[in-house]
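Engineer: Model the following, please.
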Amino acid sequence: MELVNLQLSRVVIHEVFQRADDKKKIPPVYGDSVENLDLEAMDALRNRVVAAMSSPARCIQMTIEKTQVGSMCSFASTLVDADEALYIQQSRGVADLLADAQKFRNLPGGIVVVFVGTAGVPARRLMGVIKAEVHNGFTREQQQQGGLALKFLKNLLLTAQTKLYKIGLFVESDPAAAGGLPAGWDAYIYDETLTLANRYGAAQYFYEGFLGCQFPQSSARQTKQFHDLTKSFIRSMSIPEEERAVLHNALVTYLKADQTPTVSVADFGQSYFAEGEIRDAYGTHMTTADFPNTAVNKDLADVNVSLRLRKLTFKNQIKVTGPAEGFEDLMKIDIIDGVPPGPNGPPRWTMLTVKADIANQE
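Structural biologist: So this is what the prediction gives:
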């Protein structure tokens with residue numbers, strides 16, 4: 001999203017902690033005042049937020065699911081109207097909500113930056129929260145006797161180089177909207193773990209447990225889900241690797257070359273799984289993952305990057321990469337018996353026949 005004319009009016013910080021060894025929540029440390037940032041510091045913070053939310057790969061609009069009292073959407077609607085004392089007190093609930101959502105021992109703590117302001121033309125109110133992990137670094141310092149010296153700084157956060165942060169943003173899209181929350185509000189997330197190849201890889205504890213949001217169920221997302229779930233099923237099958245390669249090629253063909261405007265679990269299963277038991281197992285796999293059992297519109301926008309290349313990785317670290325479309329016409333894969341035979345028989349080797357001459361070597 002583009003945050004035109006972003007203005008921040010109040011900023012307060014709290015700190016949340018990694019769970020203890022017994023997985024019990026450690027209470028947050030709360031900020032007790034609004035940050036008094038000078039103009040340069042406020043500009044730097046605003047620029048961090050604008051740069052993050054403008055990232056087409058790592059920012060995505062979400063669907064607001066939780067709106068009850070104590071949810072992030074409820075906090076947003078309260079904080080944009082709160083006076084300074086109420087703002088400080090209510091923002092502590094945001095830190096509590098994140099500490100509750102971080103249920104696993106491997107989730108790191110960090111600084112929680114809660115801010116309100118406006119953006120857009122005409123200006124719309126907004127509330128945002130940043131979870132930023134801290135790190136160490138150096139700065140240069142002018143010495144009294146002349147010259148420069150390095151100064152070590154601890155607990156830095158939100159520097160231009162760091163990527164260890166996540167942002168949730170609630171924007172008031174229609175102040176006159178009726179019908180109760182979430183009417184009149186839009187939600188967005190920024191997560192450094194998102195990529196163009198994996199548009200839905202954001203941390204679930206952050207967007208669902210903390211922000212109370214879900215990814216919108218668009219055709220592009222459902223097509224991506226179909227691809228990823230089918231691929232995981234093919235990987236789990238107890239079949240020879242050459243058959244697995246054929247099925248991976250079939251999945252690419254089904255999505256890119258097949259001209260039907262929809263994707264369907266039943267259609268793919270009937271077309272590419274010969275045995276009824278496998279078709280049933282595939283259907284169960286997709287149903288368990290909550291994928292619809294009806295046809296959904298095909299939209300390759302979120303899966304195109306994944307469909308460009310096929311990659312084969314062997315146990316000895318050899319890797320082969322080629323165009324996914326027509327991969328079976330460019331290379332032939334055969335599993336053969338290797339030498340020398342061991343106590344459990346000959347080792348399994350892979351024989352690749354590349355239907356082309358060598359163009360270059362490095």
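Engineer: for the chain, what are the low-confidence residue spans?
Structural biologist: Within the chain, the ranges that satisfy pLDDT under 70 run 152, 160-164, 196-197.
Engineer: Quickly list the domain ranges of it.
Structural biologist: Domain ranges of the chain: 7-216, 220-354, per automatic domain parsing.
Engineer: Residue 240 reaches residue 336, doesn't it?
Structural biologist: No - judged on CB atoms under 8 Å, residue 240 makes no contact with residue 336 at a distance of 11.6 Å. In short, each C-beta sits where N, CA and C put it, glycine included.
Engineer: Show me what residue 63 bridges to in the sheet.
Structural biologist: residue 214 (DSSP bridges).
Engineer: can you count the residues close to it?
Structural biologist: 13 (other CB atoms under 10 Å).
Engineer: quick revisit: return the most buried member of the domains of the chain.
Structural biologist: A comparison of these by mean neighbour count, using mean count of other CB atoms under 10 Å, puts domain 7-216 on top with a mean of 16.
Engineer: so how far does that domain reach from one end to the other?
Structural biologist: 28 Å (CA to CA, to the nearest Å).
Engineer: cool, stretch 262-277 as well?
Structural biologist: The first-to-last residue distance of stretch 262-277 comes to 24 Å (CA to CA).
Engineer: Repeat that for stretch 352-359.
Structural biologist: 17 Å.
Engineer: what's it in contact with?
Structural biologist: With contact meaning CB atoms under 8 Å, 6 or more residues apart in numbering, stretch 352-359 is reached by 320, 329-334.
Engineer: any idea which of these is the one closest to residue 94?
Structural biologist: Compare each of the contacts of stretch 352-359 with residue 94 using CB to CB and the shortest gap goes to residue 320, at 48.4 Å.
Engineer: Beta-bridge partners for the closest one, please?
Structural biologist: Under the criterion used (DSSP bridges), residue 320 bridges to residue 312.
Engineer: what residues are up against it?
Structural biologist: Residue 320 neighbours (CB under 8 Å, 6+ apart): 311-312, 314, 331, 352.
Engineer: With residue 245 instead?
Structural biologist: 312, 328, 333.
Engineer: these two touch, right, the second one and residue 247?
Structural biologist: I take that to be residue 328. No - counting by CB under 8 Å, residue 328 sits too far from residue 247 to count as a contact (10.9 Å).
Engineer: What about the contacts of stretch 352-359, which are in strands?
Structural biologist: Using DSSP state E, the subset of the contacts of stretch 352-359 located in strands is 320, 331-334.
Engineer: Tell me the secondary structure at residue 12.
Structural biologist: Secondary structure assignment for residue 12 (DSSP: H, G, I helix; E, B strand; the rest coil): strand.
Engineer: elements contacting the helix or strand containing residue 189?
Structural biologist: In the assignment (DSSP states H and E), residue 189 maps to strand 185-191. Contact partners of strand 185-191 among helices and strands, from 3 or more CB pairs under 8 Å, 6 or more residues apart in numbering; DSSP states H and E: helix 39-53, strand 59-64, helix 72-79, strand 165-172.
Engineer: Distance-wise, check the residue nearest to residue 181 when sequence neighbours are not counted relative to residue 190.
Structural biologist: Distances taken as CB to CB, 6 or more residues apart in numbering place residue 67 nearest to residue 181, at 3.8 Å, with adjacent residues excluded. To residue 190, residue 67 is 22 Å away according to CB to CB, to the nearest Å.
Engineer: just residue 254 next, same as before
Structural biologist: 33 Å.
Engineer: For the protein, just list every one of the helices.
Structural biologist: 39-53, 72-79, 84-101, 204, 219-236, 241-252, 265-272, 276-288, 327-330 (DSSP state H).
Engineer: Those helices: which one's closest to residue 295?
Structural biologist: Of those, nearest to residue 295 by CB to CB is helix 265-272, at 7.1 Å.
Engineer: re the thing from before, reformat the contacts of residue 245 into JSON lines and put distance to residue 145 next to each item.
Structural biologist: Below are those laid out as JSON lines (distance: CB to CB, whole Å):
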{"residue": "312", "distance to residue 145": "62"}
{"residue": "328", "distance to residue 145": "72"}
{"residue": "333", "distance to residue 145": "70"}
